[in-house]
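Q: Quick one, structure for this:
(one chain, ligands or ions: 1)
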Amino acid sequence: MKRFFVYFIFSTILFVSYASTKPFTVVIDPGHGGKDPGAMGPNGREKDVNLKVSLKLGELIKQNNPDVKVVFTRDVDKYVPLQDRSSLANKANGDLFICIHTNASKSRSAYGSETYTIGLDKTNANFEVAKRENSVILLEDGYKEKYQGFDPTSPDSYIMFEFMQSKFSDKSIEFAAYTQDEFISSKRYNRGVRQENFWVLHQTKMPSVLIELGFISNPTEERFLLSNEGQDIMANSIYKAFAKYKHEYDKKNIAANTSSSIKTDTTLQSSDNKVTYQLQLFITRKQLVDDKDPQFRGLVGCTFYEEGDWFKYTYGSTNDLDEILKLKNNIKSTFPEAFIIVFYNGKKISLQEAEKISKQK
Ligand SMILES: [Zn+2]
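A: Modelled structure (predicted):
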């Protein structure tokens, strides 16, 4: 008991000192800029809307969360290549990456806000958005070499996107859902949380989202987005989502720290416990009552667990890592974004922790 207590104090000191050296860092990425205006409306340019809302958001975070470090990929009207935006976020050791964009459509009637996380939408419904946002690459000399042969206009090219982001998809979707919730509260039309492959999201090593504030091609929405009041509303909504996300992050970090020291102690006592691997498919706010719900995409035998306000749906359950990898491969065409989660003694742990536990045995 005494040893455990000493360990607990020691790890708490470690955590506190770690927390004080590395502040929570949010990287805000205003899309386009400089020679790249982004989408054009009848009166305004996307790059200006993105920058204004981004700066307002950054200011809100700085004012209300002095413990948070805010990093911008650009804070003036200049051109920044896509590749540089994600490497800047990685260099800053970011905890959250928020790209801010404005949508456009050939149809002037399209309107509303949507938030993307990376992932392949099998219906290809959002391909036009991804194509437009990724096409910035074409402005760069030697883009084929720089972007590993990626051609933003060819759907085939998108197959090369490996799901580097998959270990963050849970967190990315959580922030995306908070953002859409706030847009709804601000009376914006909700186009939902969506998945698509944006280059700027695919190489970041942190939870990452791309927000499309609204349609600059829609005259009413353009008027709103060009107005100071409209920009305030959008920045405020994203800020509220950020505050909620940060609050949850802090809660979990403290809990994780406390439970990990206790866990170490119980590991020593009970060595016959096993780790359980599952595949997480998606999360929802409402429990799904019908197993034919389209969100299951026809997959049967899914289960769920609850965490915070979320119902998290999973597939498969095994003590064998190879087994779960096989299963992940089997459902790859239905749920390409599925990722492995691990439980141990009723608590969710990381794959790295699971590996350590397995090695101990
Ligand atoms: Zn854009």
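Q: what secondary structure does the residue nearest to residue 57 when sequence neighbours are not counted sit in?
A: Spatially, and ignoring its direct neighbours in sequence, residue 57 is nearest to residue 235 (4.5 Å; C-beta to C-beta, 6 or more residues apart in numbering). Glycine gets a C-beta too; all of them are placed from N, C-alpha and C. At residue 235, secondary structure determined by DSSP: H, G, I helix; E, B strand; the rest coil is helix.
Q: Near the ion, which residues of the chain are found?
A: The chain has residues 31, 38, 101, 133 near the ion, with proximity defined as C-beta under 5 Å from the ion.
Q: out of those, who's nearest residue 47?
A: residue 38 (4.8 Å; C-beta to C-beta).
Q: The closest one - how many residues pack around it?
A: By other C-beta atoms under 10 Å, 22 other residues sit near residue 38.
Q: Helix or strand: which one has it?
A: For residue 38, there is no host helix or strand (DSSP states H and E).
Q: which residues does the residue lying closest to it once chain neighbours are set aside contact?
A: Excluding the flanking residues, the one nearest residue 38 by C-beta to C-beta, 6+ apart is residue 46, at 3.0 Å. Residue 46 sits next to 31-32, 37-40, 101-102, 104, 216 when contact means C-beta atoms under 8 Å, 6 or more residues apart in numbering.
Q: Which residue ranges of the stretch 251-361 of the chain form strands?
A: 276-284, 303-307, 310-318, 339-344, 347-349 (DSSP state E, counting those that start in this stretch).
Q: The closest residue to the ion within the stretch 151-300 of the chain: what secondary structure?
A: In the stretch 151-300 of the chain, the residue that lies nearest the ion is residue 212 (7.5 Å; C-beta to the ion). Of the three states, residue 212 takes strand under three-state DSSP.
Q: Make a PyMOL selection of the buried ones in the residues of the chain next to the ion.
A: Entered in PyMOL, the line below selects the buried ones among those, by 16 or more other C-beta atoms under 10 Å:
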select buried, resi 31+38+101+133
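Q: Could you dump the residues of the chain next to the ion into CSV and include pLDDT, distance to residue 282 and secondary structure?
A: Below are the residues of the chain next to the ion laid out as CSV (pLDDT from 0 to 100; distance: C-beta to C-beta, whole Å; DSSP: H, G, I helix; E, B strand; the rest coil):
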residue, pLDDT, distance to residue 282, secondary structure
31, 97, 26, coil
38, 96, 30, coil
101, 98, 24, strand
133, 88, 23, helix
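Q: Which pair of the residues of the chain next to the ion spans the longest distance?
A: It's 38 and 133 that sit farthest apart of the residues of the chain next to the ion, by C-beta to C-beta, at 8.5 Å.
Q: which residues are in contact with both of the two?
A: Contacts common to residue 38 and residue 133, judged by C-beta under 8 Å, 6+ apart, are 31, 101.
Q: To what extent is residue 73 buried, counted in neighbours?
A: 23.
Q: going forward, begin numbering at 293 instead of 1
A: Renumbered: residue one is now 293, and that last one reads residue 365.
Q: ok, now which ones touch it?
A: 319-322, 372, 376-377, 380-381 are the contacts of residue 365 under C-beta under 8 Å, 6+ apart.
Q: Domain-wise, how is this structure divided?
A: Domain ranges of the chain: 294-538, 562-652, per automatic domain parsing.
Q: returning to that earlier point: can you say which of the strands of the stretch 543-653 of the chain is packed in most?
A: Across the strands of the stretch 543-653 of the chain, averaging neighbours per residue (mean count of other C-beta atoms under 10 Å) puts strand 568-576 on top, at a mean of 21.
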